[in-house]
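>>> Here is a sequence together with a model predicted from it:
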Amino acid sequence: MKIVGLTGGIGSGKSSVARIFKSLGVPVFIADDVSKKLLATDPTVIQAVVNLLGKESYDRNDNGIVVPNKKYIASKVFSDKELLTSLNHIMHPAVKASFREWVRHQNYPYVIYEAAILFESNSHLLCDRVILVSAGVEERIRRVMNRDAVSREEVVSRLRNQWSEGQRLELSDFVIVNEDLQQMASIVKSIHEVLLKK
């Protein structure tokens with residue numbers, strides 16, 4: 001079974017592309033969703049995050065359940081590269097272990113591993129092929145500001161922690177430019193057909 005990485009800068013439209021692959025019957029693993037789940041439920045991850053960032057990293061909700069204080073965690077790591085690297089050293093191995101377990105239960109010619117920081121986390125080394133979703137920087141900033149209700153400065157701060165488009169292009173096998181949804185769906189179908197043959 002082939003592993004196909006799907007990546008792109010924040011706000012590039014990876015989720016839209018992932019949904020199209022899913023609609024074609026391709027198993028899709030969303031690393032960010034799994035990471036959020038592990039951050040909230042995995043005792044080893046929770047303890048490591050508390051050790052790194054302090055007890056303020058978690059709150060209790062109205063039902064008394066411990067939940068990540070995402071705003072606090074983001075405020076700490078997106079302004080401190082060393083802390084971000086340390087947090088990634090906690091999260092990436094846990095996500096990869098979860099992915100390996102998930103792959104064992106799939107039965108399809110290929111699976112999609114969708115991750116915003118596929119290259120930054122060296123997860124592309126798990127992949128046989130990589131698809132890059134590309135969009136203009138200003139368009140991406142606008143999308144993330146609308147989606148996450150955050151300021152331009154916060155989005156730009158996140159962008160600084162990701163690879164440049166040029167770096168990603170060098171290591172990608174396919175590029176999908178996200179400008180028109182219909183055109184994008186057609187490109188995804190073409191790539192899907194290629195991946196089924198190879």
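On my side now, so go ahead. Because the structure is predicted, anything quoted here is derived from the model rather than measured. Numbers count the residues shown, from 1 in each chain.

>>> quick one, strands of the chain?
Taking DSSP state E as the test, the strands found in the chain are 2-7, 28-30, 58-60, 66-68, 110-114, 129-134, 174-177.

>>> want to throw those into CSV with mean pLDDT?
Below are these laid out as CSV (pLDDT from 0 to 100):
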stretch, mean pLDDT
strand 2-7, 97
strand 28-30, 97
strand 58-60, 94
strand 66-68, 93
strand 110-114, 97
strand 129-134, 94
strand 174-177, 93
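
>>> what would those look like in CSV with mean neighbour count?
Quick note: C-beta positions are derived from backbone N, CA and C, even for glycine. What follows is those, written out as CSV (neighbours: other C-beta atoms under 10 Å):
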stretch, mean neighbour count
strand 2-7, 23
strand 28-30, 19
strand 58-60, 13
strand 66-68, 14
strand 110-114, 22
strand 129-134, 22
strand 174-177, 18
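
>>> Output those in JSON lines; the columns should cover distance to Leu52.
Output for those, formatted as JSON lines (distance: least, C-beta to C-beta, whole Å):
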{"stretch": "strand 2-7", "distance to Leu52": "25"}
{"stretch": "strand 28-30", "distance to Leu52": "24"}
{"stretch": "strand 58-60", "distance to Leu52": "12"}
{"stretch": "strand 66-68", "distance to Leu52": "13"}
{"stretch": "strand 110-114", "distance to Leu52": "25"}
{"stretch": "strand 129-134", "distance to Leu52": "30"}
{"stretch": "strand 174-177", "distance to Leu52": "35"}
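
>>> of all those, which lies closest to Asp42?
Nearest of those to Asp42, taken as C-beta to C-beta: strand 66-68 at 11.1 Å.

>>> and that closest one, what other elements does it pack with?
With contacts taken as 3 or more C-beta pairs under 8 Å, 6 or more residues apart in numbering; DSSP states H and E, strand 66-68 sits against helix 31-41, strand 58-60.

>>> Tell me which of these lies nearest to His89.
In terms of C-beta to C-beta, the element of those nearest to His89 is helix 31-41, at 13.0 Å.

>>> Distance of the residue nearest to Leu87 when sequence neighbours are not counted relative to Met91?
Distance criterion C-beta to C-beta, 6 or more residues apart in numbering; nearest residue to Leu87, sequence neighbours excluded, is Val77 at 5.2 Å. Val77 is 10 Å from Met91, where distance means C-beta to C-beta, to the nearest Å.
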